[in-house]
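Novice: Sequence first, then the predicted structure, then my questions.
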Amino acid sequence: MALEAIEYSDDIQNLLLSRGHDKLAHHPNKYLICDEERRSLKEVSPSTYIPIISLEELGGRSRPVAIEKLKKACKEHGFFQVANHGVSEALMGDMMEIAEEYFDMPLEDEVHLCTNDYRKRTRVCTRFCNTSNKDVHMHWRDYLRHPCYPIEYHIDSWPNNPSSYRYIAAKYATAMRGVTLKLLGGISESLGLARDYIENALGEQNQTMQINCYPPCPKPELTPLALAAHTDPNCLTLVQDNGVSGLQIMKDGTWLDIPPLHEAFFVHIGDQLQVISNGEYKSLVHRAMTNSVKRRMSIPTFYGPSLDAVIKPASSLASANVHGPLYVPFTYRRFLDHFYSIKLYTTTLQQFEVANCTK
Ligand SMILES: O=C(O)CCC(=O)C(=O)O
Ligand SMILES: [Fe+2]
């Protein structure tokens, strides 16, 4: 689909859930979900075991043991929690507080950031994707999103309100980059690659911070999904939440509830790591549920390639596989264009599978 075709004039300000009431009354059909999604909501199991990776352990003499743990977590689960990560409780608290404040502000100050155009890298939005199909259902979520690396390059595009937003978000983004790079170093080694392999494979790199705001939903039976099932298109995602549950992940064909984590970050694998690892590690299918009582907030840090980086399976992993490379090389820009143009957000990778490209 031509990208030009995806501009359309939904009144995004009217659709933002957090800025006004009764979206269900005004847009009764927009939030309905399909039968298949509705069926899957009934088959959810209670919370699951979440492997713990200690960043202290990864940086110390027990690194080889920690790398083995990391390998098992990535291979068998696709997710883990990172503890002893060095991001202070105070900074995590300040970031969540300013995030909550942001979504309590009147919209007037932020109108200039509201857009559904995914190419605007700093934006306030409510749609998951920018498809031209207006019938795609909406999610019970608003979000603010902005790039964070290099900070000096992007900070002027960030919200200026609340007045300490930029200061706190910059401190947080810097700390999160440190944690992510340490994890990526460990993950590289867990695949038998040089410690800086993945970092280098991401080119100039891209770090994006997102603040998801899921307001209480008056009719969760009508619109149970706050965010539909998807895999993240980036490489690795680290999530902080505000202590309200709602995240679910798919493991071995079953949906599982993930409880809120205190002081730890929930980390999971994205599509680019699946490609670089040549399918050794799989990106995690996940979604979020609505809640009729409490507002849920989450702050994912998405770490991935720069738009021009060419992503492909690591050659040592491709040659170790009887099938060779499982994915064709692509630029991240091309990948994202495809990701934002499809309706089923769990299938982006299929387009880039060698098996599908040589037919
Ligand atoms: O809210 C969450 O915990 C997950 C959010 C998410 O999956 C996303 O923003 O991509
Ligand atoms: Fe996600």
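Specialist: Right, received. Where do you want to start? Treat the numbers as computed from the prediction; the structure is a model and nothing was measured. Numbering: from 1, shown residues only. Ligands and ions are numbered 1, 2, ... in the order given.

Novice: the helices in the stretch 251-359 of the chain, which residues?
Specialist: Using DSSP state H, counting those that start in this stretch, the helices of the stretch 251-359 of the chain run over residues 271-276, 315-320, 332-339, 354-357.

Novice: want to throw those helices into a markdown table with mean pLDDT, mean neighbour count and distance to residue 237?
Specialist: Every C-beta, even on glycine, is put in place using the N, C-alpha and C of the backbone. Output for the helices of the stretch 251-359 of the chain, formatted as a markdown table (pLDDT from 0 to 100; neighbours: other CB atoms under 10 Å; distance: least, CB to CB, whole Å):
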| stretch | mean pLDDT | mean neighbour count | distance to residue 237 |
| --- | --- | --- | --- |
| helix 271-276 | 98 | 26 | 10 |
| helix 315-320 | 97 | 14 | 21 |
| helix 332-339 | 92 | 19 | 14 |
| helix 354-357 | 88 | 12 | 25 |
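
Novice: could the ones you listed go into JSON lines alongside distance to residue 81?
Specialist: Shown next, in JSON lines, are the helices of the stretch 251-359 of the chain (distance: least, CB to CB, whole Å):
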{"stretch": "helix 271-276", "distance to residue 81": "17"}
{"stretch": "helix 315-320", "distance to residue 81": "26"}
{"stretch": "helix 332-339", "distance to residue 81": "26"}
{"stretch": "helix 354-357", "distance to residue 81": "34"}
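
Novice: so what pLDDT did the residue nearest to residue 175 when sequence neighbours are not counted get?
Specialist: Distances taken as CB to CB, 6 or more residues apart in numbering place residue 87 nearest to residue 175, at 4.5 Å, with adjacent residues excluded. You'll see residue 87 listed with a pLDDT of 98.

Novice: do the one 10 residues further on as well
Specialist: At residue 97, the model reports a pLDDT of 98.

Novice: tell me which residues in the helix or strand harbouring it are buried?
Specialist: Secondary structure assigned from DSSP states H and E places residue 97 in helix 89-104. Buried residues in helix 89-104, counted by 16 or more other CB atoms under 10 Å: 91, 92, 94, 95, 96, 98, 99, 102, 103.

Novice: Smallest distance to ligand 1 belongs to which residue of the chain?
Specialist: residue 298 (3.3 Å; CB to the nearest ligand atom).

Novice: ok, how many other residues are close to that residue?
Specialist: Neighbourhood size, residue 298 [other CB atoms under 10 Å]: 25.

Novice: That one contacts residue 212, correct?
Specialist: Yes: with contacts counted by CB atoms under 8 Å, residue 298 reaches residue 212, the gap being 4.6 Å.

Novice: For residue 321, give me its contacts.
Specialist: Each residue near residue 321 by CB atoms under 8 Å, 6 or more residues apart in numbering is listed here: 278, 279.

Novice: Go through stretch 109-116 and flag the buried ones.
Specialist: Of the residues in stretch 109-116, those buried by neighbour count under the rule 16+ other CB under 10 Å are 110, 113, 114, 115, 116.

Novice: picking up where we left off before, which residues touch the residue nearest to residue 175?
Specialist: Residues counted as contacts of residue 87 (CB under 8 Å, 6+ apart) are 172, 175, 176, 179, 265.

Novice: Just to be sure, the first one is in a helix?
Specialist: Yes: checked against DSSP: H, G, I helix; E, B strand; the rest coil, residue 172 lies within a helix.
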